[in-house]
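Q: Here's my sequence, what's the structure:
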Amino acid sequence: RAVPAACHAYLSLEAKNVALVEQRIVEGTVTGDLFELPAGAVQIALGANYREVEFDFRPDSGLQPGLVAGFNGQLPVSGTLDWFDIFGEIYVPILANLPGIESLSITGGYRTSDNSQSGPAESWKVTGDWTVTDWLRFRAGIQTSIRAPNIAELFAPQVPNFPNIGAANDPCNTSGAIATHPIYGRNGPNGAAVQAICAFQSAAAGGPAFVQTFGQAQALAGGNPNLTPETADSWSAGFVMNSPFNTGGFLDSLYLSMDYWSIEMENVIAAVGALTIIQRCDNRDGANPAHDPLHRGCQISQRDAGDGRVVNLLTLARNQAFTNTSGVDIVLGFGFDLGSMGSLDFNTVTTWVVRFETSTSVNDPTFDFVGSIGSGTGSATPEWRTTINATWAMDALTIGATARWIDEMVHANSVTGAGAGTGVPDKWYFDLRGSYDLTSNLTLRAGVNNVADTQPPLYAPNVQANTDPSTYDVLGRRFFVGFNLRM
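A: Numbering: from 1, shown residues only. Reported below is the predicted structural model:
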């Protein structure tokens, strides 16, 4: 039966929020040549930078108390961070104009940064570049870097949240597959110890016939002012190859680059999943081998005394142990000269993730999450991703098409053994765009994103309406039009 218009209008609410970001930057640099070497001039750059960022998030009166169905309450967020940096970089040409060495050089850089919240930190880099010929170049580099926590990670209000845990995955269940789990099952080898933890948290949860009926936990999410900066050590090596041909055909425009990269991060800022926290209290991943109900892993969640559901679960971001990831970036392109019909160019950008190993604390096992997607936003790690671009240009008119492909993924629960979880199929997205130069200074542009109106895949468990909006397009087909004015 249709809802009357008056009733629909009474129940409807147009929710809005406003996010304001203000950034002020003052920077000064000095560059120049230090002295000459046989291969060229040694060049140096020195500078200082001051940055201040203010953030102000203002949800309206409907979003703040959580009146909109499907949305938790949101409180205003505001804060200020500032940085003062001093940095320098030096370029040293080593050899040039020799057989097999058109040029050989190294570049070094150093930066010290003082953050108003986390204090001082240092980073540096060393890179090398070897141009063999005008069509072949090798490059490599090593660096250490830092990332200070942002305003939202630090100061976002801690508000209620209801993450999906799946009722069948509760270790206190006395029936179902979870009940016979060899480590944290009520009917498994450690059943007596698991039952004791459940009973300690709630008499109902420790009962002889307890079965969890709530698929969501009552949690608390938000900022953590005790966060410290992430640190990373990385290196990369690769080559760039331009076409060595001169045939007058498309082979003349062929280019290829390939780089292997490796990144090792420590103190990674991340929140442990709700289900992981619950199961680790009962020694999942060896987190509580003594099955101690007073273990710190059991102190960040509680259970309702009356029905045994999980309440007061703290899912705040913390500095975790480490993440080690590596992969290969490949760029391939070529083009055609169509004479009076303009030109047609193609290029592809592909990333292959070889490993994505992570551990949430020094006492936890390490898992490789390549090819998986987790419960939280931003947890997707497809093994392969590809973007294909095609561009046709003639005089003032340019038309382009883009195809984006994301590889299929299993649920991260199947990697960790945390319980049931559905994966996602591979996805294609197609975009169209065009531009026309009205004058030498004015360009009109328009386009369509997600032409096929491809919907995001749904999977569970997940805390963002059963998908990951940071990986998949949740807006559907949309159009845009604008202009660029060059003064």
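Q: Tell me which other helices or strands the host helix or strand of residue 41 touches.
A: Taking DSSP states H and E as the criterion, residue 41 maps to strand 40-59. Applying 3 or more Cβ pairs under 8 Å, 6 or more residues apart in numbering; DSSP states H and E, we find strand 40-59 packed against strand 17-37, strand 77-98, helix 151-155. Just so you know, the C-beta spots here come from the backbone N, C-alpha and C atoms, and that holds for glycine as well.
Q: Tell me which of those sits nearest to residue 256.
A: Closest to residue 256 of the helices and strands packed on strand 40-59, according to Cβ to Cβ: strand 77-98, at 24.6 Å.
Q: Please could you give me each C-alpha atom of that closest one, formatted as CSV?
A: The C-alpha atoms that make up strand 77-98 are tabulated as CSV, following Å, rounded to 0.1, in the frame of the first residue of the first chain:
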residue,chain,number,x,y,z
VAL,A,77,34.3,17.9,15.0
SER,A,78,36.8,20.7,15.0
GLY,A,79,40.5,21.1,15.6
THR,A,80,43.7,22.7,14.5
LEU,A,81,47.1,21.2,13.6
ASP,A,82,50.3,23.0,12.5
TRP,A,83,53.7,22.0,11.2
PHE,A,84,57.0,23.7,10.9
ASP,A,85,59.4,22.0,8.4
ILE,A,86,63.0,22.6,7.4
PHE,A,87,64.2,20.7,4.3
GLY,A,88,67.0,20.3,1.9
GLU,A,89,67.8,18.4,-1.3
ILE,A,90,71.0,17.9,-3.3
TYR,A,91,71.5,16.7,-6.9
VAL,A,92,74.9,15.2,-7.8
PRO,A,93,75.7,14.3,-11.4
ILE,A,94,78.3,11.5,-11.4
LEU,A,95,79.0,10.6,-15.0
ALA,A,96,77.8,11.8,-18.4
ASN,A,97,78.2,11.3,-22.1
LEU,A,98,80.0,8.0,-21.9
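Q: Show the average pLDDT along the next helix or strand after it.
A: Downstream of strand 77-98, the next assigned helix or strand under DSSP H and E is strand 101-115. For strand 101-115, mean pLDDT is 96.
Q: Any buried residues in strand 101-115, and which?
A: Neighbour-count burial for strand 101-115, counted by 16 or more other Cβ atoms under 10 Å, picks out 102-106, 109, 111, 113, 115.
Q: Just checking: what are the partner strands of it?
A: strand 77-98 (antiparallel), strand 119-133 (antiparallel) (DSSP bridges).
Q: To residue 311, which of the ones you listed lies closest?
A: Going by Cβ to Cβ, the one of the strands paired with strand 101-115 nearest residue 311 is strand 77-98, 24.2 Å.
Q: quick one: residue 20 from residue 58, how far?
A: 8 Å (Cβ to Cβ, to the nearest Å).
Q: So which of those two has more stuff around it?
A: residue 58 (15 against 10; other Cβ atoms under 10 Å).
Q: residues contacting the spatially most central residue of the chain?
A: Geometric centre of the chain, nearest residue: residue 378, 4.6 Å, by Cα atoms, centre = their mean. Taking Cβ atoms under 8 Å, 6 or more residues apart in numbering as the criterion, residue 378 is in contact with 468, 470-471.
Q: What does the closest residue to residue 235 other than its chain neighbours show for phi and psi?
A: Using Cβ to Cβ, 6 or more residues apart in numbering and skipping residues adjacent in sequence, the residue nearest residue 235 is residue 142, 4.3 Å away. Reported as degrees, to the nearest 10, the phi and psi values for residue 142 are phi -140, psi 140.
Q: And residue 280, by the same measure?
A: Dihedral angles (degrees, to the nearest 10) for residue 280: phi -70, psi -20.
Q: shouldn't it be in contact with residue 297?
A: Yes - counting by Cβ atoms under 8 Å, residue 280 touches residue 297, with 4.9 Å between them.
Q: of these two, who's got more company?
A: residue 280 (27 against 22).
Q: Can you give me every residue that contacts the more buried one?
A: Contacts of residue 280 by Cβ under 8 Å, 6+ apart are 287-288, 297.
Q: same check, this time on residue 320
A: Residue 320 neighbours (Cβ under 8 Å, 6+ apart): 267-270, 272, 358-361.
Q: ditto for residue 318
A: Here residue 318 is in contact with 224, 227, 269-272 (Cβ under 8 Å, 6+ apart).
Q: same deal with residue 128?
A: 104-107, 139-141.
Q: Could you export those residues as JSON lines, including distance to residue 352?
A: Listed next are the contacts of residue 128 as JSON lines, based on distance: Cβ to Cβ, whole Å:
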{"residue": "104", "distance to residue 352": "29"}
{"residue": "105", "distance to residue 352": "29"}
{"residue": "106", "distance to residue 352": "28"}
{"residue": "107", "distance to residue 352": "27"}
{"residue": "139", "distance to residue 352": "19"}
{"residue": "140", "distance to residue 352": "19"}
{"residue": "141", "distance to residue 352": "19"}
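Q: Look at residue 403 and say how many residues are nearby.
A: 15.
Q: Quick one: residues contacting the nearest residue to it once chain neighbours are set aside.
A: The shortest distance from residue 403 to any non-neighbouring residue, by Cβ to Cβ, 6+ apart, is to residue 388 (4.5 Å). By Cβ under 8 Å, 6+ apart, the contact set of residue 388 is 346-348, 402-405.
Q: I'd like those residues as CSV, with secondary structure and pLDDT appended.
A: What follows is the contacts of residue 388, written out as CSV (DSSP: H, G, I helix; E, B strand; the rest coil; pLDDT from 0 to 100):
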residue, secondary structure, pLDDT
346, strand, 96
347, strand, 96
348, strand, 97
402, strand, 98
403, strand, 98
404, strand, 97
405, strand, 98
